[in-house]
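A.B. asks: need the 3D shape of this:
(2 chains)
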Amino acid sequence: MNTAQSNMTKQEQLKSTSEDYSQMLFSTIVDCSVITMDLQGNILSWNAGAQLLSGYSAGEVIGSHISSLYAHKEQDTGEAMQDLESARTKGRFEHISWRLRKDGTKFLANVVTSTLTDPAGTICAFGELSRDLTVQHLKEQSLREQLEIINLSHETIMILGLDGVIQFWNRGAEEMYGFSEAEAIGKKGHEILRTEFPRPLGDIQSMLLKDGRWDGELVHHSRSGEAVTVLSRWVVRNDASGNPSSFLEIDRGINERINAEQKRLQDKADRELRVKERITELAASEKLLLSKTLEIAKSDEEREIKIQERIVELAISEELLSGKMLEIAKSDEQRELRVQERIVELAASEQLLLSKVLEIEKSDEQRELRVQERIVELAASEELLRSKVMELERSNEELQQFAYVCSHDLQEPLRVISNYTQLLSKRYSGQLDAKADLFISFAVDASKRMQILINDLLAYSRLQTREKKIGPVDCNTVLKMALANLEILLTETGAQVNYGSLPVVVGDQSQLLQLFQNLIGNALKFRSKEPIIIDISVEREGDEWLWTIRDNGIGFDIQFQERIFLIFQRLHTKEEYSGSGIGLAVCKKIVLRHGGRIWAESEPGKGASFNFTLPAQSKEHQNG
Amino acid sequence: MDRSIRVLLVEDSIADATLIQEIFIDEKVDIELTVVRDGFEAMDFLQAMGKHVDATRPDLVILDLNMPKKDGRELLMEMKAIPNLKSIPVVILTTSQAEEDILQGYNLHASCYLIKPIDLNRFTQLVKYIENFWFSAVQYPTPDA
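C.D. replies: Numbering: from 1, shown residues only, chains lettered A, B, ... in the order given. Model (predicted):
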């Protein structure tokens, strides 16, 4: 090595030695953390203090970004970069920052970040000095908490210096005396509070210094001037050397207690007064009561006497009452007796009555029975009657049918007999002998008669079997028809029939025709030698028409007037007059079926009149 | 008509049939008369069937109502239902005087209703009426060929 080099080397050596020492100092001091970063914030160097503070060794952090040591790195607020930027612009930036230890715990650091410049003045790196504030912070926090507790209690707590100057004034003090902390601190406490001491202050202070504490009553005055009586406790405080430097005063307001006490005494006095008054009152009313009681006693006596008198009266009237009652009892007895007798009487008559009732009941029963029997009888006979009627109706009907069928079937062979006998007669009359002719004529006659008989029977029976056709019947028409049917006979006999205007009746037209025809026919048949005159007349009688058919024929004996209406009854032989004897029976049947009646009047040789009634037309049928 | 009238008499009673014929003879009634004994035979004749296959259509039918097996009413109804036979006039000649029967006869479209008289004279009279009316006055239809 040469001199220049050695000169330089010496300076350099010094420089490097100082640099080395600086380096060593820097590296080894543990009191504070000293680190360097590049312009981006990446850590370049890391000293022992940094390691002690954060727990990370140099090897672990060199090359990492400073933001990784920030406690809130998760939030990624860019706090680190902001801090660096502040440092860059200001050159020196002091700030408090929450950092992260290797074990994960947080600590509060007082950080000074500054820029490192090269000889040209260009910023080439950052440097950071950090100190742990955590303990201090915690201490401060603890202190704040303690203060908070002191204030929370609302006790009046003050710290005064020995000179009486207020060093500490809590919230309680403020509340009690009205002075704020700012107004109180630095002032002489006992001046602003205008304290009234129970004994000279000097005495109190001596006692305080001697005992270390003093308790007593004081009267402070609040900011507003109000007197506040307190129970005060003073306690001495020593400084670090152990010498008394200040004292703690804690006051308890006893204003209320005193007031309460005064009030209590007042109340007591009042109460005693009232008790006295009350006693006086009671005494007065006791007198009153006594006199009242005497009065009552007196009136009681009087009443007692009255009661006694009353009792005597009652006793007397009770005797009277007894006497009366005995009387009543006696008369009651007599009445009782009479009642008993009466009851016996009644019982007897009741017996009688009962037996009478039983009798009546029995006779009722019997009558009831008889009635029942009668009813049964009647029912039976009604039944019988009904069945008889039905029987009769049935047999009647059967008979009708029988008659009809009979005559109908009888006709057939009869006709043959009749016709052939007539044919015989016609063909062979004159060819046989006279007797034969006679015999034949008998046969012919007989069969003709029989034919007529059967026809009449048939007609008669058909009257019953056929349904009537009831309605209004104009008799003028019916008479004309009857006369038309009898025309041949009328013409032959030259008969004269007289009639007027005939009414309308209610009935069966064909049957009425039969009726007229039979009667007029009879009049023609049973004629006398005189020319026949037949008179037909009709009269209204109530709701019927009375008809009369009079002739001037042979008449008949009145004794037969009923017989002639019987079936097959004749008053003459067949030789005398033809006819089956059924005509009038038919007439009677027809009239009866129409609800009328028929009878005949006559005298032999003086003609006959046949009378019958027919119902008149009722108003309902007049329209027909 | 230039021929004698053909009459079919439907009558079950031989006596009655004989009587009618005797009267026709007595009165010298000139007709071609055929007599059948019941409704079935009548139908055969009218339709030229059975044993009457050679029958010629009658101009007039005289019909008794009460016959066994098929009575006059039935025959009448059947005749009036057959177009070819409908136009043949039917004279009912029967015993029944019952109004129901008379009404029924006309309802069944018989031309007239006659009751067999009991009396021979009346019967003869009736035959004369029939002759004068049905065999002289009345015109008969010529059926379609």
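
A.B. asks: would you confirm that A:L44 contacts A:V34?
C.D. replies: No - in this structure, A:L44 is not within contact of A:V34 by Cβ atoms under 8 Å, at 11.6 Å. No exception for glycine: its C-beta is placed from N, CA and C like everyone else's.

A.B. asks: more neighbours: those two, which one.
C.D. replies: Per other Cβ atoms under 10 Å in any protein chain shown, whichever of A:L44 and A:V34 has more neighbours is A:V34, with 19 against 14.

A.B. asks: that one bridge partners, please.
C.D. replies: Applying DSSP bridges to A:V34 gives these bridge partners: A:L129.

A.B. asks: how far away is it from chain B?
C.D. replies: The spacing between A:V34 and chain B, counted by Cβ to the nearest Cβ, to the nearest Å, is 153 Å.

A.B. asks: for that residue, report the pLDDT, please.
C.D. replies: Predicted confidence (pLDDT) for A:V34: 89.

A.B. asks: repeat for the one 4 residues further on
C.D. replies: Listed pLDDT for A:D38 reads 90.

A.B. asks: show me the contacts for it.
C.D. replies: A:D38 sits next to A:L44, A:A125, A:F126 when contact means Cβ atoms under 8 Å, 6 or more residues apart in numbering or on different chains.

A.B. asks: would you say the second one is within a strand?
C.D. replies: This means A:A125. Yes - per DSSP: H, G, I helix; E, B strand; the rest coil, A:A125 lies within a strand segment.

A.B. asks: that one contacts A:G41, correct?
C.D. replies: No - using Cβ under 8 Å, A:A125 is not in contact with A:G41; the gap is 10.4 Å.

A.B. asks: which positions in chain A make contact with chain B?
C.D. replies: By the rule Cβ under 8 Å from any Cβ of the partner chain, the part of chain A lying against chain B is A:408, A:411-412, A:414-416, A:418-420, A:422-423, A:426, A:448, A:451, A:455, A:458, A:462, A:510.

A.B. asks: return the subset of these lying in helices.
C.D. replies: A:408, A:411-412, A:414-416, A:418-420, A:422-423, A:426, A:448, A:451, A:455, A:458, A:462, A:510 (DSSP state H).

A.B. asks: point out where chain A drops to low pLDDT.
C.D. replies: In the predicted model of chain A, residues A:1-9, A:73-77, A:464-468, A:574, A:618-624 satisfy pLDDT under 70.

A.B. asks: look through it and state the residue closest to chain B.
C.D. replies: A:Q422 (3.4 Å; Cβ to the nearest Cβ).

A.B. asks: and that residue, how close does it get to B:T56?
C.D. replies: 34 Å (Cβ to Cβ, to the nearest Å).

A.B. asks: what about those two, which has more around it?
C.D. replies: Comparing A:Q422 with B:T56 by other Cβ under 10 Å, the one with more neighbours is A:Q422, at 24 against 11.

A.B. asks: so what's that one up against?
C.D. replies: A:Q422 makes contacts with A:V444, B:D119, B:L120, B:N121, as judged by Cβ under 8 Å, 6+ apart.

A.B. asks: same thing but 7 Å
C.D. replies: A:V444, B:L120 (Cβ atoms under 7 Å, 6 or more residues apart in numbering or on different chains).

A.B. asks: how many other residues sit next to A:L289?
C.D. replies: A:L289: 11 neighbours (other Cβ under 10 Å).

A.B. asks: can you tell me the element it falls in?
C.D. replies: Following DSSP states H and E, the helix or strand that holds A:L289 is helix A:255-428.

A.B. asks: the ones in helices among the residues of chain A next to chain B, buried ones only, as a PyMOL selection?
C.D. replies: Buried residues among those (16 or more other Cβ atoms under 10 Å in any protein chain shown), as a PyMOL selection:
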select buried, chain A and resi 408+411+414+415+416+418+419+420+422+423+426+448+451+455+458+462+510
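
A.B. asks: what residue spans form the domains of chain A?
C.D. replies: Segmentation of chain A into domains, based on automatic domain parsing, reads A:31-132, A:139-253, A:259-407, A:467-623.

A.B. asks: any idea how far the second one is from the chain center?
C.D. replies: Shown here is domain A:139-253, whose average C-alpha point lies 82 Å from the average C-alpha point of the whole chain (Cα atoms, centre = their mean, to the nearest Å).

A.B. asks: equivalent analysis for the third one, please.
C.D. replies: The chain centre lies 44 Å from the centre of domain A:259-407; the measure is Cα atoms, centre = their mean.

A.B. asks: cool, and the longest one?
C.D. replies: Here the centre of mass of C-alpha atoms in domain A:467-623, compared against the chain's by Cα atoms, centre = their mean, lies 88 Å away.

A.B. asks: go on, the first one?
C.D. replies: Averaging C-alpha coordinates over domain A:31-132 and over its chain gives two centres that are 87 Å apart (Cα atoms, centre = their mean).

A.B. asks: let me see the ranges of the helices in chain B.
C.D. replies: For chain B, applying DSSP H gives helices covering B:14-26, B:39-46, B:72-81, B:83-86, B:99-107, B:120-132.

A.B. asks: which residues are contacting the second one?
C.D. replies: Residues outside helix B:39-46 that contact it (Cβ under 7 Å, 6+ apart): B:8, B:10, B:34, B:36, B:50-52, B:55, B:67, B:69-71, B:74-75, B:78-79, B:85.

A.B. asks: what does the shortest one give?
C.D. replies: The contact list for helix B:83-86, computed with Cβ under 7 Å, 6+ apart, reads B:L46, B:M79, B:K80, B:P143.

A.B. asks: kindly export stretch A:157-165 (C-alpha atoms) in PDB.
C.D. replies: Provided in PDB are the C-alpha atoms of stretch A:157-165 (Å, rounded to 0.1, in the frame of the first residue of the first chain):
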ATOM      1  CA  ILE A 157     -63.100  13.200  45.200                       C
ATOM      2  CA  MET A 158     -60.500  16.000  45.100                       C
ATOM      3  CA  ILE A 159     -56.800  16.100  45.400                       C
ATOM      4  CA  LEU A 160     -55.400  19.200  46.900                       C
ATOM      5  CA  GLY A 161     -51.800  20.100  47.400                       C
ATOM      6  CA  LEU A 162     -50.500  20.900  50.900                       C
ATOM      7  CA  ASP A 163     -50.900  24.500  49.800                       C
ATOM      8  CA  GLY A 164     -54.500  23.900  49.200                       C
ATOM      9  CA  VAL A 165     -54.300  24.100  45.500                       C
END
